[in-house]
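Asks: coords please:
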Amino acid sequence: MRKKMFLILMLMLIVFMLSNFSFRGCMAIEEVNTPPAIPSNPTPEDKSSDVSMKPTLLWESSDPDGDALKFDIYFGTESNPPLVESDLSTSVYLPGSLEPNTTYYWKVVAKDGKGGETEGPVWSFTTEKRKNIIVAVGGSEGIFIFDVSELSNPKLIGHFDTDGEAGDVQVSGNYVYVADGWNGLAIVDISDPTKPIQVGRFDTPGYARAVQLSGNYAYVGDSNSLIIVDILNSENPKQIGCLKGVSWTHGIFISGNYTYIADGGHGLIIIDVSNPENPKKVGNLNLKEMTYGVYVSSNYAYVTAGSSGLFIIDVSDPTKPSLVRHFDIFIEAMGIVVSGNYAYIADRSHGLIIIDVSNPENPKKVGNLDIDGSANDIYVSGNYAYVADGSNGLVIVDITDPTNPVLVTDMLRLTLYGVSGM
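Replies: Residues are numbered from 1 along each chain as shown. As a prediction, this is how the structure comes out:
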């Protein structure tokens with residue numbers, strides 16, 4: 001009996017020892033996770049300058065355990081940038097079009113999916129200064145981009161065929177908005193002006209002749225109506241408003257809550273756009289002449305009317321526009337800009353005409369420069385006027401002394417109809 005009990009005890013001891021050995025031998029060894037390496041080697045380099053306004057951000061990061069990594073991206077103009085992208089699976093980030101001459105800050109947080117995270121340092125770079133850019137349109141040839149940093153030696157640095165009949169143009173930030181005939185409104189990204197790319201298009205009902213910008217909206221005049229387009233997302237423009245019965249639009253100007261339209265044979269039309277979704281015609285002055293350009297300064301609208309010259313209209317009450325003065329010394333007055341006390345007018349074969357409008361009731365011609373082509377449109381910046389001079393190309397004129405405009409240079413071999421600048 002004792003022997004039997006002894007054998008039973010020995011058997012139980014052996015089972016216990018084997019069980020204990022088996023447990024210890026098969027016990028899982030806790031796996032230690034090593035966090036990712038610190039993100040490094042940024043492109044652009046930290047604190048670099050003159051960086052493209054449309055950069056590609058790159059960095060390097062690895063994981064000691066071979067785990068696949070994901071990245072959180074912090075980016076902005078503050079030294080403590082906000083989170084802009086989570087769980088990016090590649091070490092490449094495209095921030096889009098940036099502002100010129102601006103310092104941006106960014107950092108990367110690497111994550112291994114097992115709780116390991118490593119935050120990189122904050123890097124920075126400064127974008128390039130905006131080039132002195134002029135954009136002109138050339139009908140079926142699309143848009144032409146000029147660097148006019150050296151006024152005496154402007155350079156054609158970019159070209160894009162918009163597929164339509166580019167007749168009018170406006171520039172805002174990194175984008176060009178083109179009234180492109182039957183192609184509607186074309187939107188071109190010129191953040192790299194040497195490589196313009198079309199990013200958006202809006203198909204207007206008719207033939208787009210004129211375009212003007214205000215805030216997040218493009219006002220497009222076509223052969224049927226005034227179309228108001230939301231361009232907050234340039235890649236996906238959307239119509240938000242429309243006013244029919246505006247069918248001869250050649251020039252548009254926006255001032256406050258009103259849009260002023262040189263509507264061909266219908267004269268000056270004034271539209272209340274305080275609610276862009278519901279534009280309303282509130283004023284009209286039929287000048288009984290074909291109208292082409294319009295510019296509003298103070299309480300006056302200056303309307304060009306081809307061979308019939310310049311009409312100066314009191315618009316202090318937009319619902320009751322009234323003629324102040326008709327000034328007729330022109331061959332064919334087209335594009336117009338009013339700056340200070342002077343009106344600068346593209347007058348086809350007469351070139352650039354400068355009118356003193358300090359007294360709108362008594363305008364006086366003070367300057368003229370024959371520039372050999374067919375002046376269609378004009379853009380003024382500082383002491384210089386840029387003229388789209390038909391087959392004479394882009395013409396640059398020094399207007400420091402409006403009574404004595406001086407030719408700086410012209411660029412031949414191009415035919416241009418409209419012009420704008422940054």
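Asks: can you report how many residues lie near Phe327?
Replies: For Phe327, the count of nearby residues is 22 (other Cβ atoms under 10 Å). For every residue, glycine as well, the C-beta is placed using N, CA and C.
Asks: so it sits right up against Leu310, yeah?
Replies: Yes - here Phe327 reaches Leu310: they are 4.5 Å apart, a contact under Cβ atoms under 8 Å.
Asks: which neighbours do those two share?
Replies: 355, 363 (Cβ atoms under 8 Å, 6 or more residues apart in numbering).
Asks: ok, Asn183 to Asp203 distance?
Replies: Look at Asn183 and Asp203: by Cβ to Cβ, to the nearest Å, they are 8 Å apart.
Asks: these two: which has the busier surroundings?
Replies: Set Asn183 next to Asp203 and count neighbours by other Cβ under 10 Å: Asn183 wins out with 19 against 11.
Asks: OK, contacts around that one?
Replies: 162-165, 201, 203, 208.
Asks: and these, which of them are buried?
Replies: 162, 164-165, 201, 208 (16 or more other Cβ atoms under 10 Å).
Asks: out of those residues, who's nearest Gly267?
Replies: Gly267 has its nearest neighbour among the buried ones among the contacts of Asn183 in Ala208, at 20.9 Å by Cβ to Cβ.
Asks: from Ile261, how far out is the closest one?
Replies: Relative to Ile261, Ala208 is positioned 14 Å away (Cβ to Cβ).
Asks: who does the strand or helix carrying Val169 touch, helix- and strand-wise?
Replies: Element membership of Val169, judged by DSSP states H and E, is strand 168-172. Packing partners of strand 168-172 (3 or more Cβ pairs under 8 Å, 6 or more residues apart in numbering; DSSP states H and E): strand 133-137, strand 175-179, strand 210-214, strand 418-421.
Asks: what lines up beside the last one in the sheet?
Replies: It stands for strand 418-421. Using DSSP bridges, strand 418-421 pairs in its sheet with strand 133-137 (antiparallel).
Asks: hmm, Gly293 and Gly306 touching each other?
Replies: No - counting by Cβ under 8 Å, Gly306 does not reach Gly293; the two are 9.6 Å apart.
Asks: joint contacts of the two?
Replies: 333-334.
Asks: so for the two, which sits in the more crowded spot?
Replies: Just comparing Gly306 and Gly293: by other Cβ under 10 Å the higher neighbour count belongs to Gly293, 26 against 18.
Asks: can you pull the contacts of the more buried one?
Replies: Taking Cβ under 8 Å, 6+ apart, one finds 250-251, 262, 303-304, 333-336, 345-346, 377 in contact with Gly293.
Asks: okay, and the beta partners of it?
Replies: Under the criterion used (DSSP bridges), Gly293 bridges to Thr304.
Asks: before we move on, back to that, sort out for me which of the buried ones among the contacts of Asn183 are in helices.
Replies: Of those, none are assigned to helices by DSSP state H.
Asks: and the two most separated of those residues?
Replies: Using Cβ to Cβ, the buried ones among the contacts of Asn183 reach their maximum pairwise distance at Glu165 and Arg201, which is 14.0 Å.
Asks: what about the stretch 151-300 of the chain, any weak spots by pLDDT?
Replies: Within the stretch 151-300 of the chain, no stretch has pLDDT under 70.
Asks: dump the strand or helix carrying Phe75 to PDB, restricted to CA.
Replies: Using DSSP H and E, Phe75 sits in strand 70-76. Taking Å, rounded to 0.1, in the frame of the first residue of the first chain, the C-alpha atoms of strand 70-76 are listed here in PDB:
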ATOM      1  CA  LYS A  70       2.800  55.900 -42.500                       C
ATOM      2  CA  PHE A  71       3.300  59.600 -42.000                       C
ATOM      3  CA  ASP A  72       1.400  62.600 -40.600                       C
ATOM      4  CA  ILE A  73       2.300  65.900 -42.300                       C
ATOM      5  CA  TYR A  74       2.200  69.300 -40.600                       C
ATOM      6  CA  PHE A  75       2.500  72.300 -42.900                       C
ATOM      7  CA  GLY A  76       1.800  76.000 -42.800                       C
END
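Asks: mind listing what's buried in the helix or strand just after it?
Replies: Remark: after strand 70-76, the chain's next helix or strand is strand 83-88, criterion DSSP H and E. Judged by neighbour count (16+ other Cβ under 10 Å), strand 83-88 contains these buried residues: Leu88.
Asks: cool, stretch 371-382 as well?
Replies: Buried residues in stretch 371-382, counted by 16+ other Cβ under 10 Å: 371-380.
Asks: equivalent analysis for stretch 123-136, please.
Replies: 123-127, 131-136.
Asks: report the lowest-confidence entry in those residues.
Replies: In this model, the minimum pLDDT among the buried residues of stretch 123-136 belongs to Lys131 (70).
Asks: is it true that that residue touches Ser149?
Replies: Yes - with contact defined as Cβ under 8 Å, Lys131 counts as touching Ser149 (6.2 Å).
Asks: residues near Asn275, how many?
Replies: Asn275, neighbours per other Cβ under 10 Å, totals 12.
Asks: show me the contacts for it.
Replies: With the criterion set at Cβ under 8 Å, 6+ apart, Asn275 makes contact with Gly241.
Asks: from Asn257, how far off is it?
Replies: 9 Å.
Asks: wait, Lys390 sits on Asp377?
Replies: Careful, residue 390 is Gly and not Lys. No - contact criterion Cβ under 8 Å: Gly390 and Asp377 do not qualify, at 9.8 Å.
Asks: the residue nearest in space to the middle of the chain bridge partners, please.
Replies: Nearest to the mean C-alpha position of the chain, by Cα atoms, centre = their mean, lies Tyr175 at 2.5 Å. On the basis of DSSP bridges, Tyr175 is bridged to Ser172, Asp189.
Asks: so it makes contact with Val188?
Replies: Yes - assessed by Cβ under 8 Å, Tyr175 is found in contact with Val188 at 6.8 Å.
Asks: could you say which one of the helices and strands packed on strand 168-172 comes nearest to Glu361?
Replies: Per Cβ to Cβ, nearest to Glu361 of the helices and strands packed on strand 168-172: strand 210-214, 27.3 Å.
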